[in-house]
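K.L.:
Can you look at this prediction? I've put the sequence above it.
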Amino acid sequence: MKGKGILILLCLFGFIASHSQKINPANPDLSPGNFKLDSLPDSEINIPIQIDLKPVYAMAEKSVDTLFTSPGYPDGWVQVGCDTRYKYSFRRSRLQMKASGMSLNLGFTGFYKIIGSTRVCANGVILSPWTPPCRCGFDEPERKVTVSFSNTLTLMTNYKVKLDIKRNEPQPLDKCEVCFWGQNITNQVMKGLTTELDAAKKDLDKSYSSTDLKPQFQKVWDQLNKVYGIYGLGWLKINPKSVHINRLYTQNDSLNVVLGLSAKPVISFEKPVEESSWVPHISNAVGKDGFSIFLDAVLSYDSLSQLMNEQVAGKQFDFKKAFVKKKFIIDSCKIYGGGFEKLIIRINFSGTNNGIVYLVGKPVYDTTSRTIQVTNIDFDIKSKNVLLGSADWLFDKKITKEISKHARFELGAYIDSAKVTVNEQLNQEWMKGIRSYGNINDIKLAGIYPMQQHLVIRSNCKGDLSVKVDSGNFSL
């Protein structure tokens, strides 16, 4: 009887021990992630910048005299050879600008009047006195001539605008014939006018042939480097990388530069650090057609764990092994990344036993339901080894099936909200004179990367995005 009592006590002790044994396997091995945030593909953003040319017109208006006269006018004469002399006065209309393509034509209408007289000479010998002065454009309408400068604009890689100025030949609209025999001295007037225009061109070349726009572009670059809050989604950092020219043309009173911006935009829940940098030189890269932007949304595992706990915390599972009832109660769950596309789910539990077990699974995106699902959930190898020796009854599929059912995270509302919110944020004024315009048509998931600290969801957005800089910030 005494031996039987000892045996019963040993069995009872083993039963109690099996009920109170704490299960605490070692943490799963964490593998290095096969993903880097800086592997984000370059996105293309078009930045149409409009540069007001009116200041150029104003500078030219000041640089080109409104009145030209012959040397010594009105008393002095210009003598051409022995037999002709003249003096003239020339005034111009306001400058007229015409821009097309990369050409900028600066022109005006000139009005002139001239007085001249002649005498007879033979081989340089004077044979008669000067005739009485003959007038042209004094007692009759002034004679007209069209004058123009052709300008070619070039934006250099260092953001300097080069203005190549060419003086065109004056085109007389009226002849100027003086004296009773009708001698045409229009060419002499045009020659004198050309000398004056060449002097004006020299002044234009000296003052305006090169204008540095880098300070203005630096302002835009600084704004692109800022971090912008997106209500309900976190923080947007554009991460500009390089600049290239997609188009360059003049239209009406503006020089239009369509810059292509290569960037690596990221949306994250935690506010990233702002970084400043100098605007890089314009590269020779060819911009891509259309608009494609890649976004990395960095999701917190704490928020995902909270969502799962709302579904499974407190759930009880009943089992029977060797006619002995056992129970398993989920107290809490915690999700984190295991590297190489694996998620780890740590379960704190109580019941027949208590402790911790680890499950592993792979997150995938279901395009139909627009949800992230953790698939192929199973016990981690270290948890399996511990459970085999103390609680193998936990290998029942009830637990993993229940966890699988709730390891689903709805992204449909997030995507729809993101489209609305991002579209609102893309259409705003960043600072006075700098405004963005955009529209995202679609967001498609491009990949899920379970990093150890957070879950990265990479998406590809198709649509339009541009940054408009008004002329007030880019006046030459």
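P.N.:
Yep, that arrived.

K.L.:
do you know how far T400 is from N24?
P.N.:
20 Å (C-beta to C-beta, to the nearest Å). (Glycine included, C-beta is placed from N, CA and C.)

K.L.:
who's more crowded, those two?
P.N.:
Legend: neighbour count by other C-beta atoms under 10 Å for T400 and N24, higher for T400 (19 against 11).

K.L.:
which residues does that one contact?
P.N.:
Residues in contact with T400 (C-beta atoms under 8 Å, 6 or more residues apart in numbering) are L359, I377, D378, F379.

K.L.:
strands paired with the strand or helix carrying the third one, and their directions?
P.N.:
D378 belongs to strand 371-379 when assigned by DSSP states H and E. Applying DSSP bridges to the sheet, strand 371-379 is found paired with strand 354-366 (antiparallel), strand 408-410 (antiparallel).

K.L.:
most tightly surrounded among those?
P.N.:
The highest mean neighbour count among these, using mean count of other C-beta atoms under 10 Å, belongs to strand 354-366: a mean of 19.

K.L.:
average model confidence for that one?
P.N.:
Averaged across strand 354-366, pLDDT comes to 90.

K.L.:
swap in stretch 87-102?
P.N.:
The model assigns stretch 87-102 a mean pLDDT of 83.

K.L.:
May I have it as PDB, with CA atoms only?
P.N.:
Extracted C-alpha coordinates of stretch 87-102, given in PDB (Å, rounded to 0.1, in the frame of the first residue of the first chain):
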ATOM      1  CA  LYS A  87      22.300 115.300 -90.800                       C
ATOM      2  CA  TYR A  88      19.400 113.300 -89.300                       C
ATOM      3  CA  SER A  89      17.300 112.700 -86.300                       C
ATOM      4  CA  PHE A  90      15.900 109.200 -85.500                       C
ATOM      5  CA  ARG A  91      13.400 108.200 -82.900                       C
ATOM      6  CA  ARG A  92      12.000 104.800 -82.100                       C
ATOM      7  CA  SER A  93       8.700 103.300 -80.900                       C
ATOM      8  CA  ARG A  94       8.500 101.200 -77.800                       C
ATOM      9  CA  LEU A  95      10.200  97.800 -78.100                       C
ATOM     10  CA  GLN A  96       8.100  95.000 -79.200                       C
ATOM     11  CA  MET A  97       9.000  91.400 -78.200                       C
ATOM     12  CA  LYS A  98       8.000  88.200 -80.000                       C
ATOM     13  CA  ALA A  99       9.000  84.900 -78.500                       C
ATOM     14  CA  SER A 100       8.800  81.500 -80.200                       C
ATOM     15  CA  GLY A 101      10.700  78.300 -79.500                       C
ATOM     16  CA  MET A 102      14.100  79.300 -78.300                       C
END
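
K.L.:
Okay, buried residues for it please.
P.N.:
K87, Y88, S89, F90, R91, R92, L95, M97, A99 (16 or more other C-beta atoms under 10 Å).

K.L.:
Kindly report the same for stretch 106-116.
P.N.:
L106, G107, F108, G110, F111, Y112, K113, I114, I115, G116.

K.L.:
Between the residues you listed, which sits nearest V364?
P.N.:
Nearest to V364, judged by C-beta to C-beta, of the buried residues of stretch 106-116 is L106 at 64.2 Å.

K.L.:
which strands and helices sit next to the helix or strand encompassing that closest one?
P.N.:
Using DSSP H and E, L106 maps to strand 103-118. Counting contacts by 3 or more C-beta pairs under 8 Å, 6 or more residues apart in numbering; DSSP states H and E, strand 103-118 is packed against helix 54-63, strand 84-92, strand 96-101, strand 134-136, strand 143-155, strand 177-178, helix 186-208.

K.L.:
elements contacting the following helix or strand past the first one?
P.N.:
So that's helix 54-63. Using DSSP H and E, the helix or strand that follows helix 54-63 in sequence is strand 67-69. Packing partners of strand 67-69 (3+ C-beta pairs under 8 Å, 6+ apart): strand 84-92, helix 186-208.

K.L.:
Paired strands for strand 67-69, with orientation please.
P.N.:
strand 84-92 (antiparallel).

K.L.:
Run the angle between the partner strand and strand 103-118 for me.
P.N.:
150 degrees (axes from the mean of the first three to the mean of the last three C-alpha atoms, to 10 degrees).

K.L.:
could you check the angle helix 186-208 makes with strand 84-92?
P.N.:
40 degrees.

K.L.:
contacts for strand 84-92?
P.N.:
Contacts of strand 84-92 (C-beta under 8 Å, 6+ apart): 64-70, 72-74, 76-80, 108-118, 130, 147, 178, 183, 185, 188-189, 192-193, 196.

K.L.:
Could you pull out the strands in the stretch 151-300 of the chain for me?
P.N.:
Taking DSSP state E, counting those that start in this stretch as the test, the strands found in the stretch 151-300 of the chain are 160-167, 171-172, 177-178, 183-184, 210-212, 227-230, 234-237, 240-251, 254-263, 266-268, 282-283, 292-300.

K.L.:
returning to that earlier point: redo the helices and strands packed on strand 67-69 as JSON lines? Include distance to K384.
P.N.:
Output for the helices and strands packed on strand 67-69, formatted as JSON lines (distance: least, C-beta to C-beta, whole Å):
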{"stretch": "strand 84-92", "distance to K384": "94"}
{"stretch": "helix 186-208", "distance to K384": "79"}
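
K.L.:
what separates the residue nearest to G72 when sequence neighbours are not counted from P74, distance-wise?
P.N.:
Counting by C-beta to C-beta, 6 or more residues apart in numbering, G72 lies nearest to K87, which is 7.4 Å off, once chain neighbours are set aside. The gap separating K87 from P74 is 7 Å, by C-beta to C-beta.

K.L.:
domain assignment for the protein?
P.N.:
Per automatic domain parsing, the structural domains of the chain span 24-41+214-476, 53-212.

K.L.:
Roughly how far does G438 sit from I45?
P.N.:
9 Å.

K.L.:
So for those two, which residue has more residues nearby?
P.N.:
More neighbours surround I45 than the other of G438 and I45, with 24 against 21 (other C-beta under 10 Å).

K.L.:
so which strand or helix has the more buried one?
P.N.:
Here I45 sits within strand 43-52, counting by DSSP H and E.

K.L.:
so what does that strand touch, helix or strand wise?
P.N.:
strand 254-263, strand 292-300, strand 454-469.

K.L.:
Output the below-cut-off pLDDT ranges for this structure.
P.N.:
Within the chain, the stretches with pLDDT under 70 are 1-21, 32-40, 56, 177-185, 207-208, 231-233, 268-269, 286-294, 465, 467-476.

K.L.:
ok, back up a step: make JSON lines out of the strands paired with strand 371-379 and add distance to Y57.
P.N.:
Listed next are the strands paired with strand 371-379 as JSON lines, based on distance: least, C-beta to C-beta, whole Å:
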{"stretch": "strand 354-366", "distance to Y57": "56"}
{"stretch": "strand 408-410", "distance to Y57": "59"}
